[in-house]
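Asker: with the sequence up front, the predicted model follows.
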Amino acid sequence: MEKPWKCVDCGKGCRTPSQLEAHRRNHTGERPFICSQCGKGFTQLSHLQSHQLRHTGEKPFTCSQCGKGFTRSSHLQRHQRVHTGESPFTCSQCGKGFTQSSNLRTHERVHTGEKPFACSQCGQEFTQLCTLRTHQLVHTGERPFTCSQCGKGFTRLSTLRTHQQVHTGERPFTCSQCGKGFTRLSTLRTHQQVHTGERPFTCSQCGKGFSVSSQLLRHQQVHESYKYKHPGEEPWKSEDSDEGFSYPSELEAHRAPERGRSPALYYEKSCKSSREVISYQRVHTDERPFRCSHFGIEFRRLSHLTVRQQIHTGERLFLCSDSS
């Protein structure tokens, strides 16, 4: 259906002038529909009516596959795409699919560079209004979403819901191949690359692939460190591949198995035990065999993973004897 009424701020199309007027309130901040119970304002009457269901606890729209309830039928339809894998909205520039048209519009700003939402206090610009509102909490210090079990505050409702799964043990996103459960859909998608072997994040300097963008960023620091210490020089290259190395010792360690020798012999660092050698080698290979089951973050050492897990469990092993 044609959407001839366009927003001058972000370009979104609307079917009627009244829809455009309601949408424009997102930019102006006007919220004429006020909840009588909590005072929260909304840009549309339908949004207020859906919000009021939170006070009553009513969720009339239920998913037939997982039983999750929703206050709006549109939210249920959107949720069901998690189970079907359907992504009907496709980017014309890169082919990436999305479950919501609004997510596609936000994604398209990655290609255009458009950031229509600006913070009035610091001038920082954002592609989404919700991101701007969350950012503004940095200035106010407000954390409006509080965990009822431990009292921890959050700036986002979605972050609170993910946190609450630490207390409930719920893992709603399950891998269809191995049955492993996750608290986040994004973590499940990253995990699925273990089965497919996909490594979509590739280093432009040496061609090494990674399943997570954060791993690529860590890896790129190896190249940056080399450039800083050896300006104008190229990384050390292997003769039998295009793989690059930051130090001669790393290249020699790479060639060692072909010569029937241990790679550990070529590392410059002296280690007191074989365990230290293995741990030190991971600095160069970027191997991270210890994975956090909550968020999928990987670590080189088991001790680092153990410390990370205490963030999720809330466990405090070491107490100060001077404090109460």
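Answerer: In hand now; what should we look at?

Asker: nearest residue to the middle of this protein?
Answerer: Among the residues of the chain, the one closest to the centroid is Ser186, at 6.3 Å (C-alpha atoms, centre = their mean).

Asker: residue ranges with poor pLDDT in this structure?
Answerer: Low-confidence segments of the chain, defined by pLDDT under 70: 1, 222-286, 295, 308, 310-324.

Asker: ok, which stretches of it are helices?
Answerer: 17-28, 45-56, 73-84, 101-112, 129-140, 157-168, 185-196, 213-229, 248-255, 274-285, 302-313 (DSSP state H).

Asker: tell me which residues of the fifth one come out buried.
Answerer: Of the residues in helix 129-140, those buried by neighbour count under the rule 16 or more other C-beta atoms under 10 Å are 129, 131-132, 135-136. In this view, the C-beta of every residue, glycine as well, is placed from N, C-alpha and C.

Asker: what separation is there between Gly39 and Leu48?
Answerer: Distance of Gly39 to Leu48, given as C-beta to C-beta, to the nearest Å: 12 Å.

Asker: of the two, who's got more company?
Answerer: Set side by side, Gly39 and Leu48 show unequal neighbour counts under other C-beta atoms under 10 Å, the larger going to Leu48 at 18 against 7.

Asker: tell me the contacts of that one?
Answerer: The neighbourhood of Leu48, defined by C-beta atoms under 8 Å, 6 or more residues apart in numbering, consists of 33-35, 42.

Asker: for these, give me TSV that also has neighbour count and distance to Glu198.
Answerer: Rendered in TSV, the data for the contacts of Leu48 read as follows (neighbours: other C-beta atoms under 10 Å; distance: C-beta to C-beta, whole Å):
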residue	neighbour count	distance to Glu198
Phe33	17	45
Ile34	12	48
Cys35	15	45
Phe42	19	41
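
Asker: next, count neighbours for Gln52.
Answerer: Using other C-beta under 10 Å as the criterion, the residues surrounding Gln52 number 17.

Asker: once you drop chain neighbours, what's closest to it?
Answerer: Closest residue in space to Gln52, ignoring its immediate chain neighbours: Cys35 at 6.4 Å, by C-beta to C-beta, 6 or more residues apart in numbering.

Asker: dump the residue contacts of that neighbour.
Answerer: Residues near Cys35 by C-beta under 8 Å, 6+ apart: 41-42, 48, 51-52, 55.

Asker: ok, it to Lys59 distance?
Answerer: 17 Å.

Asker: in this structure Cys147 contacts His163, no?
Answerer: Yes - under the contact definition of C-beta atoms under 8 Å, Cys147 touches His163, with a separation of 5.9 Å.

Asker: now for those two: what residues contact both?
Answerer: Each of Phe154 lies in contact with both Cys147 and His163 under the rule C-beta under 8 Å, 6+ apart.

Asker: quick revisit: can you tell me how far the residue nearest to Gln52 is from His304?
Answerer: Counting by C-beta to C-beta, the separation of Cys35 from His304 is 45 Å.

Asker: so who does the residue lying closest to Gln165 once chain neighbours are set aside touch?
Answerer: Taking C-beta to C-beta, 6+ apart, and ignoring the residues beside it in sequence, Gln165 has Thr183 as its nearest neighbour in space, at 4.5 Å. By C-beta under 8 Å, 6+ apart, the residues touching Thr183 are 162, 165, 170-173, 294-295.
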